[in-house]
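**Q** how does the following fold in three dimensions:
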Amino acid sequence: MRIAMWSGPRNLSTAMMYAFGQRADVHVVDEPFYGPYLRATGLDHPMRDAIVKSRPEGTFEVEQSLIGPIPGGKPHAYHKHMCQHIVPGIPRGFMAECVNVFLIRHPARVAASFLKGYPETTAEDLGFRLQAELYDHACALGQTPVVIDSADIRENPEAMLRQLCDAVGLDWDPAMLSWPLGGHPADGVWAAHWYGAVHRSTGFAGAEGALPDTTGFEEMVAEVMPFYDRLSAVRLTA
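**A** Prediction:
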C-alpha cells in the first residue's frame with residue numbers, strides 16, 4: 001500500500017510522518033516534489049538553494065520513485081505531500097496508485113503559524129484550494145478519499161489514528177503514538193528551518209486552545225475557509 005498524505009503547511013504533517021515512520025512495515029518520504037516545485041515557481045523559500053540541491057530529481061523521476069518498488073522491502077509507503085507543491089507541470093497520475101488521505105487544519109491556525117516563518121505568505125501558499133482540487137481529483141479516480149483533522153488527532157491521538165488505520169486498511173500499531181527526540185532520517189534538508197518543535201517532541205502535542213487573532217490576515221483566512229469547510233464536513237470522527 002502507498003499512502004499519499006495531502007496537507008498544507010504547519011499542519012501536524014511532520015508529526016504524522018514520524019508516527020507512520022515508527023511502524024516497522026512503512027517506508028516514509030518527506031515532500032518529494034519540493035525541489036521541482038521551487039524550480040517551477042522560482043519562489044524564494046527559506047533554504048531554497050539547499051532544498052533545490054537536495055532534491056535534484058525531475059518530476060518524472062520523482063513520480064516513478066513513488067510508484068516503484070518500496071525501499072527496504074517494506075510492504076507499505078507513506079508519502080508526505082504539500083498540496084501547494086502540485087502546481088501545473090507536477091504530475092498527478094501517481095495518485096491512482098495510492099490511498100489518498102487529506103490532513104486538514106483550521107485556516108486561522110495554519111496562516112498564523114506559517115506567517116511566522118514565511119512573512120510573504122499568500123492564500124495560495126496555504127494549500128487549501130489545491131487540497132480541495134486534489135480531493136476532487138481522487139474522487140474522480142473512483143476513490144473515496146479519507147479526510148482527517150489535525151485538531152481531532154491532537155484531542156485524541158490513539159482514537160483518531162486507529163480510525164485512520166482502519167479507514168485505509170492497516171492494522172493498528174501503538175508504535176505510532178511516540179517517536180525519539182531529534183527527528184527522522186527521512187527528514188528533508190528544510191527540517192533545520194521548520195521542524196524544530198517536532199524535533200523536541202516525542203509524541204503528539206495536546207489539544208489546541210482558542211483560535212488565534214487573525215488581525216492583519218483575516219482576508220486570507222476568509223478566502224480559504226470554504227475549501228476547509230467542505231473537507232471538514234466529511235472528516236473522520238472519533
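**Q** what sits closest to P91 if chain neighbours are left out?
**A** Residue nearest to P91 in three dimensions, not counting chain neighbours: E63, with 4.7 Å by CB to CB, 6 or more residues apart in numbering. Every C-beta, even on glycine, is put in place using the N, C-alpha and C of the backbone.
**Q** correct me, but the one you found touches A96?
**A** No: with contact defined as CB atoms under 8 Å, E63 does not reach A96; the gap is 11.2 Å.
**Q** more neighbours: which of these two?
**A** Neighbours were counted for E63 and for A96 using other CB atoms under 10 Å; E63 has more, 21 against 13.
**Q** returning to that earlier point: for the residue nearest to P91, what are its contacts?
**A** E63 makes contacts with P91, G93, F94, as judged by CB atoms under 8 Å, 6 or more residues apart in numbering.
**Q** please settle this for me: is it part of a helix?
**A** Yes: assigned with DSSP: H, G, I helix; E, B strand; the rest coil, E63 falls within a helix.
**Q** mind checking which helix or strand L231 is in?
**A** In this assignment (DSSP states H and E), L231 forms part of helix 218-232.
**Q** all helices of the chain, in order?
**A** 13-21, 34-41, 48-54, 59-67, 107-117, 128-140, 150-155, 157-168, 191-194, 196-199, 218-232 (DSSP state H).
**Q** can you list contacts of the longest one?
**A** When contacts are taken as CB under 8 Å, 6+ apart, the neighbours of helix 218-232 outside the stretch itself are 102, 104, 106-108, 111, 121-123, 126, 128-129, 131-132, 135, 147, 149, 214.
**Q** again, only using 6 Å
**A** By CB atoms under 6 Å, 6 or more residues apart in numbering, the surrounding residues in contact with helix 218-232 are F102, I104, P107, A108, A111, A123, L126, F128, R129, A132, V147, T214.
**Q** ok, now how distant is the last one from G142?
**A** I take that to be T214. Per CB to CB, to the nearest Å, T214 is found 38 Å from G142.
**Q** out of the two, which sits in the busier spot?
**A** T214 (16 against 7).
**Q** distance check, the more buried one against E120.
**A** For T214, the distance to E120 - CB to CB - is 17 Å.
**Q** ditto for W172
**A** 41 Å.
**Q** the more surrounded of these two?
**A** The residue with more neighbours, out of W172 and E120, is W172; 13 against 9, by other CB under 10 Å.
**Q** what's that one in contact with, if anything?
**A** By CB under 6 Å, 6+ apart, the contact list for W172 reads R162, C165.
**Q** what does V62 give?
**A** Each residue near V62 by CB under 6 Å, 6+ apart is listed here: P32, F33.
**Q** make TSV from the helices of the chain and add mean pLDDT and distance to G206 to it.
**A** Below are the helices of the chain laid out as TSV (pLDDT from 0 to 100; distance: least, CB to CB, whole Å):
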stretch	mean pLDDT	distance to G206
helix 13-21	97	12
helix 34-41	95	29
helix 48-54	96	31
helix 59-67	97	33
helix 107-117	89	14
helix 128-140	97	25
helix 150-155	96	6
helix 157-168	97	10
helix 191-194	91	21
helix 196-199	93	13
helix 218-232	96	21
